[in-house]
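**Student:** just a sequence and a predicted model for now, questions to come.
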Number of protein chains: 2
Amino acid sequence: MGCGAAAPTPYFLTTSQLVNIHGQLILIDCGEGTQLTLRQTKAKFQKINIILISHMHADHTMGLPGLIATMSLLGRRTSLNIWGPKELEEFVRRTWYLTGTHVDFEVKFHVNSSIGPNVVVDSESFMITSFPTKHRVPTCGFVIEEKEGVLSLKGHARKDYNLSHLDIQILKRGEDIVKKGEVIPNMFCMEKPPKCRKYAFAADTAFSPKVVEAVKGCNLLYHEATFETKDLDIAKKTLHSTSSDAARVAKDAGVNQLLIGHFSNRYRDLSQLFLEATEVFTNTSIAKENKTYLIE
Amino acid sequence: MGCGAAAPTPYFLTTSQLVNIHGQLILIDCGEGTQLTLRQTKAKFQKINIILISHMHADHTMGLPGLIATMSLLGRRTSLNIWGPKELEEFVRRTWYLTGTHVDFEVKFHVNSSIGPNVVVDSESFMITSFPTKHRVPTCGFVIEEKEGVLSLKGHARKDYNLSHLDIQILKRGEDIVKKGEVIPNMFCMEKPPKCRKYAFAADTAFSPKVVEAVKGCNLLYHEATFETKDLDIAKKTLHSTSSDAARVAKDAGVNQLLIGHFSNRYRDLSQLFLEATEVFTNTSIAKENKTYLIE
């Protein structure tokens, strides 16, 4: 929802992404105005149950107190889990306290260490891990990956084969069933799970072999690409990446596709960022705001 | 720049206004996303030297830490004066500290008491006073008024009458001058100051006789009108006004023109708010976002 660095402008908002995995909504980072984008795009933002915050910098956090306040104002009562740096809870709760904001649902803050890779969420169908990146303040990237799914019943199998609850349990274990002395092969009733998909978010960060290691084998990698190579000095000083750095990570990690974002506001034309990335890694796209990227 | 209550929506942003008085820019309140509106509308926001914050509620303050951070990021070095509740400085500085924000210019916070009327700024050409409103937390409204201006030199007078520095000093005192034995009447060279204009901002507030007293004789009064009369119960409970309340203030205070805003997000159609106000006070307008109102 935001592809710009540092401060929102008429060209780019600051970092925020909404990940939909099997209908579960996960918000990654929350720059100023994220709540407005969520409403403008008619996202079902009350269904966000997991928020991941990469680091404390204002362009990744400033929208969080207001977003949660609005969730409460609009009647939310289900709890919300947030993972982020240790200062995050103080920032959000202090802001609420000082601005007279009441939040009428449970918000659980979990401190996410940036020392090593961590399992953040381990649910039945997906897993979220975090990994340290290389930035001026403690920062984490995130990998969201599907787990190998269970066999699922084909659309009309229950009716076609008059399946009982017990039949379905047997089928889910991958076995065939016997109905009236006749064998019904498992594959007549059940579908195989789709191939597991993996998405990684790496921002903010300079080029880092640790990031390469963490995002290996991803279908889609979002990597920050704040600067062009001509501004390498500033990238080094501020611990950000050039688009060429981002592409090197994608190449070394063997990902399928690279999406670059977190563009410095000094560039109006992003073609040079794109060119420098594709010289290193062909399957690169420039992130666009309010666009949905489907991971096949 | 924002005419909505409580939370930003695709229909209305939260409270913020930019007042231009003789080229001086004054910002009143700063809801989330104000910095973005300022940039979208190409306002010269680096020229804002005075910020007035009515009260601590999030829909009036949440954009302030980010706006100032962006001013600094874009190279501002001139100081900024902010008046607001006593908690404001802690909110802003704590937010900067926790989000790793560096502000490279002087920001002076002045605590503005909501006990009685206060002179906030007393400059050569205008005066800003604050007055208490009636809300759930300590809240101030503001009156910005021109001072009676000094006589000013007509366009071509200096050349036409070959005026010296001393001549101009005499003319500015309202006296005639004598050049080569001939009297040159003051009115040939000087223009009278325009009539003093007065703008008042009253939000958030329930109907209050103290507000009536404070905004007497204004050319333009902005008064919050969060609710329709059918929602009077909620207005009373939350200490907000109906549009009819706002109109009563305008009528009792004898202002020229009323502008209503701070609309509850429950209304998509504002015609009922308008109707109920105009029944009490005819010269009422519905505030529109990104519109400039000229005070004649």
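**Tutor:** Arrived safely. Numbering: from 1, shown residues only, chains lettered A, B, ... in the order given.
**Student:** from the middle of its chain, how far away would stretch A:49-57 be?
**Tutor:** Relative to its chain's centre, stretch A:49-57 lies at 10 Å (Cα atoms, centre = their mean, to the nearest Å).
**Student:** compute the first-to-last residue distance for it.
**Tutor:** Taking Cα to Cα, to the nearest Å as the measure, stretch A:49-57 stretches 22 Å from start to finish.
**Student:** mean confidence for it?
**Tutor:** The average pLDDT within stretch A:49-57 is 98.
**Student:** what's the answer for stretch A:260-274, then?
**Tutor:** Mean pLDDT, stretch A:260-274: 97.
**Student:** close to chain B, is it?
**Tutor:** No. In terms of Cβ under 8 Å from any Cβ of the partner chain, no part of stretch A:260-274 sits within range of chain B; the closest distance is 8.8 Å. For glycine as for every other residue, the C-beta is placed from the backbone atoms N, C-alpha and C.
**Student:** next, the buried residues of that stretch.
**Tutor:** For stretch A:260-274, the neighbour count (16 or more other Cβ atoms under 10 Å in any protein chain shown) marks A:260-265, A:267, A:270, A:273-274 as buried.
**Student:** same check, this time on stretch A:98-118
**Tutor:** Across stretch A:98-118, burial judged by 16+ other Cβ under 10 Å covers A:98-99, A:101, A:103, A:107, A:109, A:112, A:114, A:117-118.
**Student:** tabulate those (a markdown table), appending pLDDT, secondary structure and distance to A:D252.
**Tutor:** As requested, those are exported to a markdown table (pLDDT from 0 to 100; DSSP: H, G, I helix; E, B strand; the rest coil; distance: Cβ to Cβ, whole Å):
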| residue | pLDDT | secondary structure | distance to A:D252 |
| --- | --- | --- | --- |
| A:L98 | 97 | helix | 45 |
| A:T99 | 97 | coil | 45 |
| A:T101 | 97 | coil | 44 |
| A:V103 | 98 | coil | 43 |
| A:V107 | 98 | strand | 38 |
| A:F109 | 98 | strand | 34 |
| A:N112 | 95 | coil | 25 |
| A:S114 | 88 | coil | 21 |
| A:P117 | 92 | coil | 17 |
| A:N118 | 93 | strand | 22 |
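**Student:** up against chain B, what does chain A have?
**Tutor:** A:6-10, A:13, A:32-33, A:35-36, A:39-40, A:56-58, A:61-63, A:65-66, A:69-70, A:73-74, A:87, A:90-91, A:94-96, A:98-101, A:136-137.
**Student:** now which of the residues you listed would you call buried?
**Tutor:** With burial judged by 16+ other Cβ under 10 Å, the buried subset of the residues of chain A next to chain B is A:6-9, A:13, A:32-33, A:35-36, A:39, A:56-58, A:61-63, A:65-66, A:69-70, A:73, A:87, A:91, A:94-96, A:98-99, A:101.
**Student:** from these, which ones fall inside helices?
**Tutor:** The helices, defined by DSSP state H, take in A:35-36, A:39, A:58, A:61, A:65-66, A:69-70, A:73, A:91, A:94-96, A:98 from those.
**Student:** by mean pLDDT, flag the weakest helix or strand of chain A.
**Tutor:** Among the helices and strands of chain A, strand A:152-153 carries the lowest confidence by mean pLDDT, DSSP states H and E, at a mean of 88.
**Student:** need the residues that contact that strand.
**Tutor:** A:163, A:168, A:171, A:189-191, A:193 (Cβ atoms under 8 Å, 6 or more residues apart in numbering or on different chains).
**Student:** which one in those is the model shakiest on?
**Tutor:** Among the contacts of strand A:152-153, A:P193 has the weakest pLDDT, 75.
**Student:** for chain B, see how far away that residue is.
**Tutor:** Separation of A:P193 from chain B (Cβ to the nearest Cβ, to the nearest Å): 38 Å.
**Student:** what is the burial count for the residue nearest to that residue when sequence neighbours are not counted?
**Tutor:** Leaving aside its sequence neighbours, A:P193 sits nearest to A:G149 (Cβ to Cβ, 6 or more residues apart in numbering or on different chains; 2.9 Å). Close neighbours of A:G149, defined as other Cβ atoms under 10 Å in any protein chain shown, add up to 16.
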